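**Student:** Generate a structure from the sequence data that follows.
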Amino acid sequence: MPPASEDAPEHALTLDEELLLWLGDEQPGVRAADSERIRDIAGEFAMGFDALARVGPAVTVFGSARTPREHPDYALAREIGACLGRSGYAVITGGGPGLMEAANRGAQDVGTTSIGCNIELPREQEINPYVDIGLRFRHFFARKVMFVRYACAFIVCPGGFGTLDELFESLTLIQTATIRHFPAILVGEGEWDGLLAWLRARALAERHIDAGDLDILQIVRTPAEACEIVQRADQLQRAYAARQPRRGAGWTR
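**Tutor:** Model prediction:
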C-alpha cells in the first residue's frame, strides 16, 4: 500500500483533477454526474467570451513560467509584447510568471491591452501583476479556446510541456485547416533545432507528416520579424473571414 501522503492530496482537487480521475468501478451516479458538469463548463466559456468579446486584434504569446527576470529570454519576450503593442495588437498569455509575465509587461510598457488567461492548478499559480484583463479558468480546454478564438497568431518562446502542448495544438488546428492563415511563430535562435531535426528524421521520414506541414513552423530571431509575420497573416485572415458566412446575435441554424 502506498504511503498515506501519496494517497491523499495536499490540496482540494481542482475541477480538472476531479473530472479526469480514473474511471474504474465507480458507482453509476459518479459517471451520471458528468452530464451535470455541462452547466459549469458552459459558464466558464461564457465568462471568457464575455470578457474578451470587445478586445481588438490580439496575439497569444507562450513561454516558460520558470524563466527568471534576469534571463535574456525574459527581455526578449518583453520586447515581443511591446513590439506587438506598437503594431496595434493586444497581447494574450497564460497569465503566469516567467515569459508570460514578460510579454504582458511589454504590452503594458507601450499601453496596449494585456490579457492573462490563468489556470487553476494543484500548485497555485498566481496571475502576474502586468495584466489588464485577468481571467482564471478551471478547465484547460476552455482556456485553450480563448487562446485561439481571440488571436490571429501564436508566438512561441522557449518553454516546457505547457508551451509545447499549445504549439502542437495550434499545429493540429492549422494542418487540418480548422484555422486559416494562422502562423505559429517560434522565437529563439537555435532553440528549436533539435525539435525540427527530430520532426524531419522521424515524423517526416516515416511519412507521419508531409513536407509542407513543416512549413507551418516559422522561426524568427527578432521581435520585429515576428510582428511582420503577424501583420501579413492578419491581413490574409481578415480577407478570408470577410468571405465566410458568420453567425451573429440571435443566429439560428
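**Student:** ok, residue 82 to residue 202 distance?
**Tutor:** Noted for residue 82: a distance of 37 Å to residue 202, by CB to CB, to the nearest Å. The way it works is simple: take the backbone N, C-alpha and C, and place the C-beta from them, glycine included.
**Student:** whoops, I mixed them up, residue 210
**Tutor:** Where residue 202 is concerned, residue 210 sits at a distance of 14 Å (CB to CB).
**Student:** separation between the residue lying closest to residue 189 once chain neighbours are set aside and residue 101?
**Tutor:** Among residues not flanking residue 189 along the chain, residue 221 sits closest, at 4.9 Å (CB to CB, 6 or more residues apart in numbering). Noted for residue 221: a distance of 22 Å to residue 101, by CB to CB.
**Student:** And for residue 149?
**Tutor:** As judged by CB to CB, residue 149 and residue 101 stand 23 Å apart.
**Student:** And those two? Which one has more around it.
**Tutor:** Neighbour tally, residue 149 and residue 101, criterion other CB atoms under 10 Å: the higher count belongs to residue 101, 27 against 16.
**Student:** Report the secondary structure element holding the residue nearest the centre of the chain.
**Tutor:** The residue lying closest to the centre of the chain (CA atoms, centre = their mean) is residue 147, at 4.5 Å. Using DSSP states H and E, residue 147 sits in helix 140-149.
**Student:** What are the buried residues along that helix?
**Tutor:** For helix 140-149, the neighbour count (16 or more other CB atoms under 10 Å) marks 140, 142, 143, 144, 145, 146, 147, 148, 149 as buried.
**Student:** From the chain's centroid, how far away is that helix?
**Tutor:** Relative to its chain's centre, helix 140-149 lies at 7 Å (CA atoms, centre = their mean, to the nearest Å).
**Student:** ok, now stretch 66-82?
**Tutor:** 17 Å.
**Student:** can I get the CA coordinates of it in PDB?
**Tutor:** Taking Å, rounded to 0.1, in the frame of the first residue of the first chain, the C-alpha atoms of stretch 66-82 are listed here in PDB:
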ATOM      1  CA  ARG A  66      10.100  29.300 -14.900                       C
ATOM      2  CA  THR A  67      12.300  31.800 -16.600                       C
ATOM      3  CA  PRO A  68      13.700  34.400 -14.200                       C
ATOM      4  CA  ARG A  69      13.500  38.100 -14.900                       C
ATOM      5  CA  GLU A  70      17.300  38.400 -15.300                       C
ATOM      6  CA  HIS A  71      17.400  35.800 -18.200                       C
ATOM      7  CA  PRO A  72      17.800  37.100 -21.700                       C
ATOM      8  CA  ASP A  73      14.600  35.300 -22.800                       C
ATOM      9  CA  TYR A  74      12.700  37.500 -20.400                       C
ATOM     10  CA  ALA A  75      13.900  40.600 -22.100                       C
ATOM     11  CA  LEU A  76      13.200  39.000 -25.500                       C
ATOM     12  CA  ALA A  77       9.600  38.200 -24.500                       C
ATOM     13  CA  ARG A  78       9.100  41.600 -23.000                       C
ATOM     14  CA  GLU A  79      10.200  43.200 -26.300                       C
ATOM     15  CA  ILE A  80       7.800  40.900 -28.200                       C
ATOM     16  CA  GLY A  81       4.900  42.200 -26.100                       C
ATOM     17  CA  ALA A  82       6.000  45.800 -26.700                       C
END
